[in-house]
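> Below are the sequence and a predicted model; questions follow.
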Amino acid sequence: MRSQTPPDPFAFPANGSTRSFGILSSFPPTACGIATFSAALAAGLIAEGSTVDVVRCGAAPPMEDALVLASLDESASGGLDVAVDALNRTDVAVIQHEYGLYGGADGDAVLDVMAEVVVPSIVVAHTVVSEPSAHQRTVLEGVCDAADAIVVMTSTAHGRLLAGYDVDSSKVTIIPHGASTPTTGDLEDDGPTDRAPRLLTWGLLGPGKGIEWAIDAIASLHRLRPRPNYVIAGATHPKVIAQSGEAYREMLIRRAWSSRAAPFVTFDGVYRDLAALTQLIHSADLVVLPYDSEDQVTSGVLVDAVAAGRPVVSTAFPHAVELLSTGAGSVVPQRDPVALAAAIRMVLTDRDLAASMAAEARRLAPGLSWGAVAGRYGLLAEQLLARHDRVPT
């Protein structure tokens, strides 16, 4: 009997048709994690053979991305109708949900959009608050009720959603956050070097990132030789600038000087494209994620670090506890610079530990690629289309 290659469980069915997805989201050049997520998902879907039309949340920037066909601009007349019409011209609508993404109290304006969407819809729940206000609970339950499928990115978010909200469990599925940087199979390891160890935190800055605790930890590592250098890469989040300017960054700089860690701390606010960011991550010996949030159930930075095969020391926010549980990193209590310093010291002084963390990260990396993640969204879309008895065009 002739052998057959087993089918890819996450591949789109090969029936010759092209799927079209509408994505409602913020989108580059907007600087935020959801915009980056949506752009990467769109690219992954297109690489799998689909077409993607994006409806931007908010007014269009001067230079618009070619994928964006409409804007959900609440200040413009007819903005809702234009946005809904664009989504309804696709086969499946993918609606990103975050409370601060839409207008109204707790972003409840998204419910007006979803009430008019007639094609199958997938809601991606980026935040599942463990102790929501009454109105936050109402909004998320309304969004989930209107959706045909709900995607969460971790088991923590899945359990929290089902335990704390009135949601149809049959609608909820877990699809992990994809990695924007190439996975380790696409990179060559630089190997050991004689330079001082380089620690890295990156992403948009603002209160809650916990970088002050990492600076305190670096200050306490004065007996390590060579002393590690800590790179803090990223601009301040635009919403933080609008509210409080550069107060958080300035506080961090003062803290570095007052703790005498300043010679070993670099603030790098340079914007990097994906290739340059990948190079920066790959240059790090250790990624440090000192986040304060106890509600953060997804972190693109964490996924990118693991996909790049970097050992991670992180505080115990939910996504880190889950993703690093098999040994790709070390998890410590939040707001505890002593514990953070001890974990960093252990990784930097125990080569076998660092190597085992990197090996586990490389093992996890393939499943975190955007190709794999987009394939799972495609499979979910096929299931919804079959359920709705619709034939994609």
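Cool, got the structure. Predicted model only: the values in this text are computed from it and were never measured.

> For Ser71, what are phi and psi?
Per-residue torsions, Ser71: phi -130, psi 140 (degrees, to the nearest 10).

> Would you mind measuring from it to Ala115?
19 Å (C-beta to C-beta, to the nearest Å). The way it works is simple: take the backbone N, C-alpha and C, and place the C-beta from them, glycine included.

> When those two are compared, which one has more neighbours?
Here Ser71 and Ala115 are set side by side on neighbour count (other C-beta atoms under 10 Å), and the busier one is Ser71, at 21 against 11.

> Domain-wise, how is the chain divided?
20-178+369-387, 184-368 (automatic domain parsing).

> Please pull out the lowest mean pLDDT helix or strand from the chain.
Across the helices and strands of the chain, mean confidence by mean pLDDT, DSSP states H and E is lowest for helix 274-282: a mean of 88.

> okay, it in PDB with CA atoms only?
Included here for helix 274-282 are C-alpha records, laid out as PDB according to Å, rounded to 0.1, in the frame of the first residue of the first chain:
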ATOM      1  CA  LEU A 274      10.700  43.500  13.000                       C
ATOM      2  CA  ALA A 275      14.200  42.600  11.600                       C
ATOM      3  CA  ALA A 276      16.000  45.000  14.000                       C
ATOM      4  CA  LEU A 277      13.800  43.900  16.900                       C
ATOM      5  CA  THR A 278      14.600  40.300  16.200                       C
ATOM      6  CA  GLN A 279      18.300  41.100  16.100                       C
ATOM      7  CA  LEU A 280      18.000  42.900  19.500                       C
ATOM      8  CA  ILE A 281      16.200  40.000  21.100                       C
ATOM      9  CA  HIS A 282      18.600  37.500  19.800                       C
END
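
> For it, name the packing helices and strands.
Helices and strands touching helix 274-282, by 3 or more C-beta pairs under 8 Å, 6 or more residues apart in numbering; DSSP states H and E, are strand 198-202.

> Tell me the pLDDT of the closest residue to Ser169 other than its chain neighbours.
Of all residues beyond its chain neighbours, the one nearest Ser169 is Leu162 (5.4 Å), with distances taken as C-beta to C-beta, 6 or more residues apart in numbering. Among the per-residue scores, Leu162 holds a pLDDT of 96.

> try Pro197
Per the predicted model, pLDDT is 94 at Pro197.

> quick one: it and Leu162, what's the gap?
Pro197 sits 42 Å away from Leu162, taking C-beta to C-beta as the criterion.

> And Gly327, by the same measure?
Computed with C-beta to C-beta, the distance linking Gly327 and Leu162 is 28 Å.

> what's the answer for Ser71, then?
Using C-beta to C-beta, which is the criterion applied here, Ser71 is 34 Å from Leu162.

> cool, Val94 as well?
If you measure Val94 against Leu162 using C-beta to C-beta, the figure is 21 Å.

> Looking at those two, which is more packed in?
Shown here are Val94 and Leu162; by other C-beta under 10 Å, Val94 has more neighbours (26 against 15).

> give me the element Ala70 is part of.
Ala70 is part of strand 68-72, with elements assigned from DSSP states H and E.

> Restrict that strand to CA atoms and write it as CSV.
Written as CSV, here are the backbone C-alpha positions of strand 68-72 (Å, rounded to 0.1, in the frame of the first residue of the first chain):
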residue,chain,number,x,y,z
VAL,A,68,-7.4,49.0,5.9
LEU,A,69,-10.6,49.5,3.9
ALA,A,70,-12.7,51.4,6.5
SER,A,71,-12.5,53.1,9.9
LEU,A,72,-14.9,52.8,12.9
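
> Great, nothing more from me.
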